[in-house]
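A.B. asks: whatever this is, show me its structure:
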Amino acid sequence: MTLYPKLILDALGTVRYPGTGKNLTEAGMVDDDMRIDGMKVSFSLIFEKPTDPFIKSVVKAAEVAILTYVGREVEIKGNIAVKTRQTPRPEIGKLLPQVKHILGISSGKGGVGKSTVAANLAVALAKMSYKVGLLDADIFGPSMPKMFQVENVRPYAEQIDGRDMIIPVEKYGVRLLSIGFFVEPDQATLWRGGMAGNALKQLIGDAAWGELDYFLIDLPPGTSDIHLTIVQTLALTGAIVVSTPQDVALADARKGINMFTNEKVNVPILGLIENMSWFTPAELPENRYYIFGKDGAKRLAEEMCVPLLGQIPLVQRIREGADDGRPVVLDETSVTGQAFMRLAENVVRQVNYRNETMGPTKIVDVRKSRPHR
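C.D. replies: This next block holds a predicted model:
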């Protein structure tokens, strides 16, 4: 039996690509690099994206079609290469080349106001004329769309340099992306760790973040695979840990600090933020009530030898601003607005100090490390 290209192309014409319903030949998916050497056939199939979910099934269907319609003796298994029209995502270590500083905002436990702090810090930095990006990396509990009042916005993709790139939503001078933009708000995100990590990498590497002075990552509470994915994917300038003064929160904050400073992770702690430091009622602005204890995070910072970047009071306007999608720092005349502006100034000062004393950051290999539980 003699093989020739038309036999192969006719067989491939019986295979349909699920994405369009067209067969492989009419869809222009068969490359012109076909080679026939006796009974051995090799060629490439062209897909739009390297992440196309149908790649494996279409390659398998092409092999079966050739064996069925041309002959069982054809050597085709493993000889079909895959090409993509879209430029692949940059390698780890080369992501976000236009971003100067990458900060992870973390907390040892939930409920300490980490996302509220991250949102207000991002807006405060933008008000200081910095170019700021904010990634909501809390895959299972995204809150940034509501905090910025953009729940109904759906980011679109635009082709840039041969790649389909997600365009971040922009509000209050902050470029924002969250998994919350891509899932139903009332539905739980039931993903295993690998799926969550891949989604996070896509929001980082397949988004047009552009030039940024500060890229803030609102991490999930606790210590998890998401944290390891971040430190394996990006060279963090440093981590910021948020806690309340309460002993229970401080115990978990200590674990979070230990995770980042672990020799296998080795991410610098830029500082600790004490949230809900005291309660001040609007009608008694001079009064302070230490509901969760006094100066707990301040003492922890001294114990762990890390800077205390700020103490944020607990006032009703912070909650109202988060629920209404208007971060309280937008009002610099308020007590909390001023507190967040001071916090942003301290963060900038600490980042500059860190860069002067420690130099550029590097991707760390944490494949053998495990987060503290």
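A.B. asks: quick one: contacts for the residue nearest the centre of the chain?
C.D. replies: If you average the C-alpha coordinates of the chain and look for the closest C-alpha using C-alpha atoms, centre = their mean, you land on L200, 4.2 Å from that point. Contact criterion C-beta atoms under 8 Å, 6 or more residues apart in numbering gives A137, I139, I179, I226, T229, I230, T233 as the residues in contact with L200. C-beta here means a position set from N, CA and C on the backbone, and glycine is covered the same way.
A.B. asks: where does it fall, secondary structure wise?
C.D. replies: For L200, the host element (DSSP states H and E) is helix 193-205.
A.B. asks: paired strands for the helix or strand just after that helix, with orientation please.
C.D. replies: Using DSSP H and E, the helix or strand that directly follows helix 193-205 along the chain is strand 212-218. With DSSP bridges as the criterion, the sheet partners recorded for strand 212-218 are strand 99-107 (parallel), strand 132-136 (parallel).
A.B. asks: contacting residues around the longest helix along the chain?
C.D. replies: What stands out as the longest helix in the chain, according to DSSP state H, is helix 335-358. Surrounding helix 335-358, the residues in contact under the criterion C-beta under 8 Å, 6+ apart are 101, 103, 117, 120-121, 123-125, 127-128, 130, 214, 237-238, 240, 268, 270-271, 273, 280, 285, 307, 309-313, 315, 317-318, 327-332.
A.B. asks: okay, that helix in CSV with CA atoms only?
C.D. replies: C-alpha atoms of helix 335-358 as CSV (Å, rounded to 0.1, in the frame of the first residue of the first chain):
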residue,chain,number,x,y,z
VAL,A,335,-10.0,59.4,60.6
THR,A,336,-9.8,56.1,58.8
GLY,A,337,-9.0,57.7,55.5
GLN,A,338,-6.0,59.4,57.1
ALA,A,339,-5.0,56.1,58.8
PHE,A,340,-4.9,54.3,55.4
MET,A,341,-3.0,57.1,53.8
ARG,A,342,-0.4,56.9,56.5
LEU,A,343,-0.3,53.2,56.0
ALA,A,344,0.4,53.6,52.3
GLU,A,345,3.2,56.0,53.0
ASN,A,346,4.7,53.5,55.4
VAL,A,347,4.5,50.7,52.9
VAL,A,348,6.2,52.8,50.2
ARG,A,349,8.9,53.7,52.7
GLN,A,350,9.4,50.1,53.7
VAL,A,351,9.5,48.8,50.1
ASN,A,352,12.2,51.4,49.3
TYR,A,353,14.2,50.4,52.3
ARG,A,354,13.9,46.7,51.5
ASN,A,355,15.1,47.3,47.9
GLU,A,356,18.1,49.4,49.1
THR,A,357,19.2,46.7,51.6
MET,A,358,18.3,43.4,50.0
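A.B. asks: and the strands in the stretch 201-350 of the chain?
C.D. replies: Read by DSSP state E, counting those that start in this stretch, the stretch 201-350 of the chain holds these strands, from start to end of the chain: 212-218, 238-243, 269-279, 308-314.
A.B. asks: most packed of those strands?
C.D. replies: Comparing the strands of the stretch 201-350 of the chain on average neighbours per residue, with mean count of other C-beta atoms under 10 Å, the densest one is strand 238-243 at a mean of 28.
A.B. asks: now for it, which elements pack on it?
C.D. replies: The elements that strand 238-243 packs onto, with contact taken as 3 or more C-beta pairs under 8 Å, 6 or more residues apart in numbering; DSSP states H and E, are strand 99-107, helix 247-261, strand 269-279, helix 296-304, helix 335-358.
A.B. asks: contacts for it, please.
C.D. replies: Under the contact criterion C-beta under 8 Å, 6+ apart, strand 238-243 has outside partners 103-108, 112-114, 117, 249-250, 252-253, 256-257, 260, 267-275, 296-297, 300, 306, 309, 347, 350-351, 354.
A.B. asks: and that strand, which strands flank it?
C.D. replies: Partners of strand 238-243 in its sheet, by DSSP bridges: strand 99-107 (parallel), strand 269-279 (parallel).
A.B. asks: give me the angle between it and strand 308-314.
C.D. replies: Going by axes from the mean of the first three to the mean of the last three C-alpha atoms, to 10 degrees, strand 238-243 is angled at 40 degrees with respect to strand 308-314.
A.B. asks: what's the angle from strand 238-243 to helix 296-304?
C.D. replies: Direction vectors for strand 238-243 and helix 296-304, defined by the same axes, to 10 degrees, enclose an angle of 140 degrees.
A.B. asks: quick one: residues in contact with stretch 54-72.
C.D. replies: Under the criterion C-beta under 8 Å, 6+ apart, external residues in contact with stretch 54-72 comprise 1, 3, 7-8, 10-12, 14-15, 17-19, 24, 29, 41, 45, 47, 74, 76-77, 80, 82.
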